[in-house]
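**Student:** coordinates only, no sequence provided:
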């Protein structure tokens with residue numbers, strides 16, 4: 001598993017949105033871009049995916065922008081990473097794809113399967129609210 005720039009920027013941008021739009025008001029892509037130093041075009045791509053996944057919603061027109069469609073304690077890090085197109089799998093085992101010629105005698109498959117489960121559990125239990133409050137490290 002490798003988290004790409006898109007995934008890292010999606011997390012940064014959603015945390016900035018939570019800060020800048022703390023009262024629920026929409027935040028423009030330009031404001032997020034200036035705050036985080038991320039290209040507005042790249043942010044538009046990310047927020048298109050986040051909106052499609054139901055994490056954020058948008059308001060058109062003057063004073064428009066993005067705001068969260070859910071509460072911050074309902075949005076997990078896994079939600080953000082998956083919405084941005086990240087694959088939260090180690091991708092080292094081909095047994096599940098049917099392309100492994102050692103599937104019948106492979107003892108390591110369970111190790112990789114457990115690693116994937118742990119990664120998904122870890123990212124799935126950390127919410128934006130916990131990151132903002134610094135509570136995620138207590139888990």
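**Tutor:** Yep, it's here. Since this is a predicted model, take the numbers as computed values, not measurements.
**Student:** would residue 89 count as being in a helix?
**Tutor:** No - read with DSSP: H, G, I helix; E, B strand; the rest coil, residue 89 is coil and lies in no helix.
**Student:** low-confidence ranges in the chain?
**Tutor:** Low-confidence segments of the chain (pLDDT under 70): 91-103, 139.
**Student:** ok, residue 134 to residue 48 distance?
**Tutor:** 30 Å (C-beta to C-beta, to the nearest Å). C-beta: built from backbone N, CA, C; applies to glycine.
**Student:** apologies, that question was intended for residue 130.
**Tutor:** Distance from residue 130 to residue 48, by C-beta to C-beta: 26 Å.
**Student:** who's more crowded, these two?
**Tutor:** Per other C-beta atoms under 10 Å, whichever of residue 130 and residue 48 has more neighbours is residue 130, with 18 against 13.
**Student:** residues contacting the residue lying farthest from the centre of the chain?
**Tutor:** The centre of the chain is farthest from one residue, residue 105, which by C-alpha atoms, centre = their mean lies 35.6 Å away. Contact analysis of residue 105 by C-beta atoms under 8 Å, 6 or more residues apart in numbering lists nothing.
**Student:** surely it forms part of a helix?
**Tutor:** No - using three-state DSSP, the assignment for residue 105 is coil, not a helix.
**Student:** angles on the backbone of it, please.
**Tutor:** phi -110, psi 10 (degrees, to the nearest 10).
**Student:** so residue 44 touches residue 30, yeah?
**Tutor:** No - Residue 44 sits out of contact with residue 30 when judged by C-beta atoms under 8 Å, with a separation of 10.4 Å.
**Student:** ok, which stretches of this protein are helices?
**Tutor:** Using DSSP state H, the helices found in the chain span residues 5-20, 29-36, 40-52, 77-83, 109-125, 128-133.
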